[in-house]
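Participant: The sequence and its predicted three-dimensional model are supplied below.
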Amino acid sequence: MATINKRFVLASRPSGEPTPANFRLEEAPLPALGDGEVLVRHHYLSLDPYMRGRMNEGKSYAQPQALNAVMVGGTVGEVVESRHPDYKPGDAVVGMGGWQQYSVVAAAQPWALRKIDTARVPISAYLGVVGMPGVTAWMGLNKIIEAKEGETIVVSAASGAVGSVVGQLAKARGCRAVGIAGGADKCNYVVDELSFDACIDYKKLDGTDAIAAALAQACPSGIDGHFENVGGAILDAVMRRANAFSRIAMCGMISGYNGAPIPMAAPQLILLNRMKVQGFIVSEHMALWPQALAELGERVAKGTLKYRETVAQGLERAPEAFIGLLKGRNFGKQLVKLV
């Protein structure tokens, strides 16, 4: 077994867009395990937009990523050594091991580590469609938007790890699903492979007015629910087409993650349409995870919930892949393959 662990730490806080200089690759010896600890070798690392917000020092829903500490991140892998009775070498597990090859986990801590079944679901899917992104989609659609049969549901970043699941679950519940994505390839994927009813390519449109006009065509009965991942002009356009008593699940605002202002053009529409606009963090609703994961896993196993992954090869590629994710260069879930 290896005794040296490679890891990326946050070397400095970005000003605007992150650069490779904000990260530092280190090597460190693996410590001996204490009672109740498990050593995990990571097979895949998850890269997610929330990581950009954690790199800032300001107030947020979670503590900032500490400088000179391993970058936070979800991981799947294999137990290679254990001093906890519930885990044995060879067990496949998911956790928050971070940007590194190995992690030592205090396995008794709630949700620190979870065994997974890779017989019916590929191991990488536990970082995407059957992991935090999938549960985020399930939570926003079912518990905030409360989608009902016959309603029109719109989702931004529709080809991504979260948005693609939102639309597919909406269709399964008898809704009209309309995506917003950047580029013809992504929109074609959303409609042709994921079976959304329509997809709007915002990159072909110039600002809020044009996006709103496209939404008017794609959503002839207006918008009952919206799952927001982007913010800015897209959110403003959606609000123009929103029906009375519509609901917006605020999941992400990636248009402002690098510090750009994201004002709302017409907040009075919230009052005029008696809209519910609710932000949520999926980790604050752990009691719902088993229910969500059960449905997501079953749908993936049966082939009724589709997904796509973009995989960077090797830990050294993590900063480059993360920066590309924030620029929309990935297609579907962004992963780093470590083994």
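Facilitator: On my side now, so go ahead.
Participant: Going by C-alpha atoms from here, please, whenever you check contacts or count neighbours.
Facilitator: Noted.
Participant: what comes up buried for stretch 262-273?
Facilitator: Neighbour counts over stretch 262-273 (16 or more other C-alpha atoms under 10 Å) mark 262, 269, 270, 273 as buried.
Participant: Could you export that stretch as PDB, keeping only the C-alpha atoms?
Facilitator: Extracted in PDB, the C-alpha atoms of stretch 262-273 (Å, rounded to 0.1, in the frame of the first residue of the first chain):
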ATOM      1  CA  ILE A 262     -26.500  39.800 -10.100                       C
ATOM      2  CA  PRO A 263     -29.300  42.300  -9.500                       C
ATOM      3  CA  MET A 264     -32.900  41.300 -10.000                       C
ATOM      4  CA  ALA A 265     -34.600  43.500 -12.600                       C
ATOM      5  CA  ALA A 266     -38.200  43.200 -11.500                       C
ATOM      6  CA  PRO A 267     -38.600  41.900  -7.900                       C
ATOM      7  CA  GLN A 268     -42.100  43.300  -7.800                       C
ATOM      8  CA  LEU A 269     -43.200  40.300  -9.800                       C
ATOM      9  CA  ILE A 270     -42.800  38.200  -6.700                       C
ATOM     10  CA  LEU A 271     -45.600  40.200  -5.100                       C
ATOM     11  CA  LEU A 272     -47.800  40.600  -8.100                       C
ATOM     12  CA  ASN A 273     -47.700  36.900  -8.900                       C
END
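Participant: Now do that stretch, average pLDDT.
Facilitator: Across stretch 262-273, pLDDT averages out at 95.
Participant: Same check on stretch 177-185?
Facilitator: For stretch 177-185, the per-residue pLDDT averages 97.
Participant: Could you check how far it is from the centre of its chain?
Facilitator: 17 Å (C-alpha atoms, centre = their mean, to the nearest Å).
Participant: Using the three-state scheme, assign the residue positioned nearest the centre of the chain.
Facilitator: Central residue check for the chain by C-alpha atoms, centre = their mean: the C-alpha nearest the mean position is that of residue 133, 3.9 Å away. Following DSSP: H, G, I helix; E, B strand; the rest coil, residue 133 is assigned to helix.
Participant: hang on, it packs against residue 166?
Facilitator: No - counting by C-alpha atoms under 8 Å, residue 133 does not reach residue 166; the two are 9.8 Å apart.
Participant: Just the CA coordinates for stretch 111-120, please, in CSV.
Facilitator: The C-alpha atoms that make up stretch 111-120 are tabulated as CSV, following Å, rounded to 0.1, in the frame of the first residue of the first chain:
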residue,chain,number,x,y,z
TRP,A,111,-22.8,10.8,7.0
ALA,A,112,-19.0,10.8,7.0
LEU,A,113,-18.9,7.6,5.0
ARG,A,114,-21.6,5.5,3.4
LYS,A,115,-21.3,2.1,1.7
ILE,A,116,-22.7,1.9,-1.8
ASP,A,117,-23.8,-1.0,-4.1
THR,A,118,-21.9,-0.9,-7.4
ALA,A,119,-23.6,-4.1,-8.7
ARG,A,120,-26.5,-2.1,-10.3
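Participant: In terms of secondary structure, what does whichever strand or helix holds residue 185 contact?
Facilitator: Using DSSP states H and E, residue 185 falls within helix 184-192. Contacts defined by 3 or more C-alpha pairs under 8 Å, 6 or more residues apart in numbering; DSSP states H and E place helix 184-192 against strand 176-181, strand 198-201.
Participant: Run through who's touching the longest one.
Facilitator: The contact list for strand 176-181 (C-alpha atoms under 8 Å, 6 or more residues apart in numbering) reads 150-159, 163, 167-168, 170-171, 187, 190, 196-203, 218-219.
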